[in-house]
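Novice: Sequence and predicted structure below; questions after.
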Amino acid sequence: MGTRFLSQLCGGSVSGLIYQQIAANVAQALSEVLGTAPPVPVVVERNRRAEYGDYSTSVCLRLAREARMAPIDLARRVVERLPEAPFVGRVEVAHPGYINFWLDEGWLAAQVDVILEAGESFGSLTLGQGQRVQVEFVSANPTGPITVGSARNAVLGDALASVLTAAGYQVEREYYVNDAGAQVRKFGESVLARYAQALGEDVPFPEDGYYGQYVVELGERLAAEAGRRYLEMDRPQAIRAVADWAVEQMLERIRKDLADLGVHFDVWRHERDLHREGLLDQALTILRERGYIVEYDDAVWFRHPDLEKDAVLIRSPRVVPEPSERPTYLASDVAYLLDKLVRRGFDRAIYIWGADHHGDVPRVRAAAKALGLDPDRAVFILYQLVTLWRGGEEVRMSKRSGEFVTLRDLLDEVGPDPIRFMLVSRTAESPIDFDLDLAVEQSERNPVYYVQYAHARIASILRYAQEQGWRIDEPADLSLLRHPSELALIRKMLELPEVVEQAATKLSPHFLPYYAQELATAFHAFYRDCRVVSADPAEADLTRARLRLVRAAKAVLARVLGLLGVRAPERM
RNA sequence: GCCCCCGUAGCUCAACUGGAUAGAGCAACGGACUUCGGAUCCGUUGGCUGCGCGUUCGAGUCGCGCCGGGGGCGCCA
């Protein structure tokens, strides 16, 4: 393996992750020392501290006992047998048994052209090997506008989808439209009531209906468009028709809001279509045949040994009076699972759910097993909820009561870039306190601007260079790039593939914004130390080399921002 | 009562399958350049990683028990 990587490297390009190539070499050397393959995987890590080099491994500490050698001696012997590698400049053994690696500086400088050649695809990996992955996210009920909580979902899912695409998966983004349940019916009733009121009828508003102002507006609009038509229908029919219309209106608005956030879906899958296409019946048939269905109390239940509860309700005439046998949420989930993993054949289905749904995870997993599927093909990302603060007080939100802060409000106040950057920057497990005052007032100090500024600054330098008569796409002698700040910038750029890998394998896009900031910092430091466009004719070659460096940095910044769905401005 | 997540600098958060001296941003204080964008850069202050045991050569990370915060627990989705 090590030699294969080496031969590829001799061709001059980075074709595998650097740390993996180092690990392969260490493993090879270890095998020779131990006389057998190392019993544990060789872990090579990027170092936090520059004095320990770029990468290091502590594998000798772990294997010392089994090798019956002092860790430091084992490390020394491994280093003696380490294959030559063009990208490694220096190797040292450090107490109590670490092996530290420094990247070769000439090799580093040469990577600038490798990055420029890769362009948009720099940072892309073949990790996914073309596996088909579906990311289903947002999927907020079409009974109201998108809230800030769903915005987190949207941003998380979209960034994850981008990262997985970059990692070599074939990804589809999907929005599941819950248009068949009791909530939609209540929503229809609410709109119908507002509609009637708009027409001067004195009708009561459903007690558990949707109280938001937008429902009043929907009623008024419907009254203007449709006249008294729905008052003349019989009530169940009118509710259904109004609900259909209102859901369409909401979906249009949701689509627009998400689009303005930069989030687009490949597929909008409607719950009703699942039923219409017979997937629910299919799922129930399979479950029944395999013995996971029980019936009592006039209802159908799902039972599985993995579930602590006796059974989960799947279908009951009492859930929704009309039509008589409306399924429950879980029932549709099972049908949808069948749709995702069997009918449409995704290798993996990723669900982005708010943590308040965590109780449903074991049920869907159990359902997967019951259907005869590998439950690990369904992957759940649970994010903690967003709480909003304004004026030092928590803003309580409820779609039903109509009290909530919408994504639209936030877009109007803050704009998409800070929202996205902020909401991706947290691990999913971390709850977010979103301070609206801070988001608005201090938006200029938001880290997103720091990163965007670096990009705009480079654009400005390139404009200036061209004004001065430089051609910015000229070849250059990159070996002139020797300044510590130049090399630090290149090192940081070369981290991108590792960041993508980590974000993809851990399904955690939050690594990206942190990396983006570090990259911007590395650029600003370089800018401080090194003048790019020199008026001194003796420095013409250096200028050419630095122009290439700066172009590469711009490309990498744009790439990270692109993965985050944040704009990379030419000026700001 | 049971289950899940979190607890790290004044605030908001990181820390790669357990690795070396726990890092950023903001806030505070002090400073820099003034020919390529000052939305920048440099420095200082700030930590028994909630508490206690345990596993390990090594624990913010793993296990157990407490304390505190959030969420969930069959006819809502």
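Specialist: Cool, got the structure. Numbering: from 1, shown residues only, chains lettered A, B, ... in the order given.
Novice: Could you use CA atoms for every contact and neighbour count after this?
Specialist: Noted.
Novice: Would you map the helices across the stretch 101-250 of chain A?
Specialist: Residue ranges of the helices in the stretch 101-250 of chain A, as given by DSSP state H, counting those that start in this stretch, are A:105-118, A:148-166, A:182-198, A:213-226, A:229-232, A:235-260.
Novice: What of the stretch 301-450 of chain A?
Specialist: Under DSSP H, counting those that start in this stretch, the stretch 301-450 of chain A gives helices at A:329-338, A:361-370, A:407-413, A:416-424, A:436-441, A:447-467.
Novice: ok, and what's touching the fifth one?
Specialist: By Cα atoms under 8 Å, 6 or more residues apart in numbering, the surrounding residues in contact with helix A:436-441 are A:388-391, A:413-414, A:446.
Novice: wait, what's in contact with the residue nearest the centre of chain A?
Specialist: Taking Cα atoms, centre = their mean, the centroid of chain A lies closest to A:L160, which sits 1.9 Å from it. By Cα under 8 Å, 6+ apart, the residues touching A:L160 are A:503-504, A:507-509.
Novice: which residues touch A:K369?
Specialist: Going by Cα under 8 Å, 6+ apart, A:K369 touches A:P375.
Novice: no no, A:M572
Specialist: A:M572 makes contact with A:453, A:456, according to Cα under 8 Å, 6+ apart.
Novice: re the thing from before, could you pick out which of the contacts of helix A:436-441 are near RNA strand B?
Specialist: With Cα under 7 Å from any atom of the strand as the criterion, the contacts of helix A:436-441 include A:N446 near RNA strand B.
Novice: buried subset of the contacts of helix A:436-441?
Specialist: A:388-389, A:414, A:446 (16 or more other Cα atoms under 10 Å).
Novice: still on that earlier bit, among the helices of the stretch 101-250 of chain A, which is the most enclosed?
Specialist: helix A:148-166 (a mean of 26; mean count of other Cα atoms under 10 Å).
Novice: That one vs RNA strand B: in contact?
Specialist: No - for helix A:148-166 and RNA strand B, the contact criterion (Cα under 7 Å from any atom of the strand) is not met; the two come no nearer than 12.1 Å.
Novice: how distant is stretch A:178-192 from the center of its chain?
Specialist: How far stretch A:178-192 lies from its chain's middle: 31 Å, per Cα atoms, centre = their mean, to the nearest Å.
Novice: Closest to RNA strand B out of the contacts of A:L160?
Specialist: Taking Cα to the nearest atom of the strand as the measure, RNA strand B sits nearest to A:S508 out of those, at 7.9 Å.
Novice: quick one on the thing from earlier: so which of the contacts of A:L160 sit within helices?
Specialist: A:503-504 (DSSP state H).
Novice: ok, and the most crowded of the contacts of A:L160?
Specialist: Neighbour tally across the contacts of A:L160 (other Cα atoms under 10 Å): the maximum, 31 neighbours, falls on A:P509.
Novice: For that residue, list the residues it contacts.
Specialist: A:P509 makes contact with A:156, A:159-160, A:163, A:424-425, A:503, according to Cα under 8 Å, 6+ apart.
Novice: Of all pairs in the residues you listed, which one is the farthest apart?
Specialist: Greatest spacing in the contacts of A:P509, by Cα to Cα: A:V163 and A:S425 (14.2 Å).
Novice: tell me the secondary structure for A:R90?
Specialist: Assigned with DSSP: H, G, I helix; E, B strand; the rest coil, A:R90 falls in the strand class.
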